[in-house]
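Enquirer: Just a sequence and a predicted model for now, questions to come.
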Amino acid sequence: MEPVNHVEGRAYPFGMKNVDTDIIIPAEWLKTISRNGLGKGAFEALRKEPGNVFDDPRYAGAPIIVAGDNFGCGSSREHAAWALIDMGVKAVIAPSFSDIFSGNAFKNGILTVVLPQEAIDRLVEVATTDPISIDLEHQTVTTPFQDRFRFEIDPFRKSCLMGGLDEVGLTMARGDAIATFERMDAQRRPWLVPAAA
C-alpha cells in the first residue's frame, strides 16, 4: 500500500447523498478477484447520463471525490474501494460514511474525511474550478481561497495510512518480535516444534 500523506488536485464535485456500493461498482463487475480494471465500471449507471461529473474532462484522473452524506452505504463489497483506487481516487470527503465502506477504504489506502455539510457545500463549489488539498499530518482540507477545514481521524488509521501499512505490512513490521516469540515458545514447548525431516 502506498503511503497517504498529502492528497492534492482536482476533485469530483459529486455531492450526491446515499451513494451505495452498487452505484460505486455494479454487481456485474464483482465476478473478478482482480483489482485491475474495476475503474471502468465505477459509477457505471451514473456515467450513462449525459454531462455526468465522472466523464467530464475537467476532472479526469481527480484523486478526490467530494460526496454527500452516507457515502458507501449498502452491501459490504470491497470491490467498491478497489474500483475507486483503479480510477485514481485517493480520498473521499463526505459528511458521513458507511462503517463497512470506511473500513474497506482504509484497508485499501483510501483516506475518508468527514466534514460538516457546510464544508462539503463549499468544497463542491470550489471543486468546479480549482484544486483541493488534504494534509493528513495536520488533518486539514484547504482551498486556494483560504478555506481551511479541520477533520478528525482515528490515530491508528492515520499512522497506518501515513506509513503505507495494511494488515500484511503491520505484521511484517513486527517480524523481529514474532521471530523472538517463536524461538522462546519453541524452548518452552519443544513438543510443538515439528521434527526435522
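Expert: Sure thing, it's come through.

Enquirer: contacts, neighbours, all on C-alpha from now
Expert: Noted.

Enquirer: Can you list the low-confidence ranges for the protein?
Expert: Where the chain drops to pLDDT under 70, the residues are 197.

Enquirer: Tell me which stretches of it form strands.
Expert: 6-9, 11-13, 64-66, 91-94, 111-114, 132-135, 140-142, 148-150 (DSSP state E).

Enquirer: So which of these is nearest F181?
Expert: strand 111-114 (33.7 Å; Cα to Cα).

Enquirer: Who does that closest one pair with, and is each partner parallel or antiparallel?
Expert: strand 91-94 (parallel) (DSSP bridges).

Enquirer: May I have the partner strand as PDB, with CA atoms only?
Expert: Extracted as PDB, the C-alpha positions of strand 91-94 are listed here (Å, rounded to 0.1, in the frame of the first residue of the first chain):
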ATOM      1  CA  ALA A  91      -9.500  10.400  -0.800                       C
ATOM      2  CA  VAL A  92     -13.200  10.800  -0.400                       C
ATOM      3  CA  ILE A  93     -14.700  13.800   1.600                       C
ATOM      4  CA  ALA A  94     -18.200  13.500   2.900                       C
END
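
Enquirer: just to revisit the earlier point, with mean neighbour count as extra columns, can I get the strands of the chain in CSV?
Expert: Formatted as CSV, the strands of the chain follow (neighbours: other Cα atoms under 10 Å):
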stretch, mean neighbour count
strand 6-9, 17
strand 11-13, 27
strand 64-66, 26
strand 91-94, 25
strand 111-114, 23
strand 132-135, 21
strand 140-142, 19
strand 148-150, 15
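
Enquirer: right, and those - which one's nearest R183?
Expert: Closest among those, using Cα to Cα: strand 111-114, at 38.0 Å.

Enquirer: related to what we said a few turns ago, could you dump the strands of the chain to TSV with distance to A173?
Expert: Output for the strands of the chain, formatted as TSV (distance: least, Cα to Cα, whole Å):
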stretch	distance to A173
strand 6-9	23
strand 11-13	34
strand 64-66	29
strand 91-94	25
strand 111-114	21
strand 132-135	25
strand 140-142	28
strand 148-150	30
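
Enquirer: Out of those strands, which is closest to F156?
Expert: Each of the strands of the chain has some distance to F156 by Cα to Cα; the shortest is strand 111-114, at 12.7 Å.
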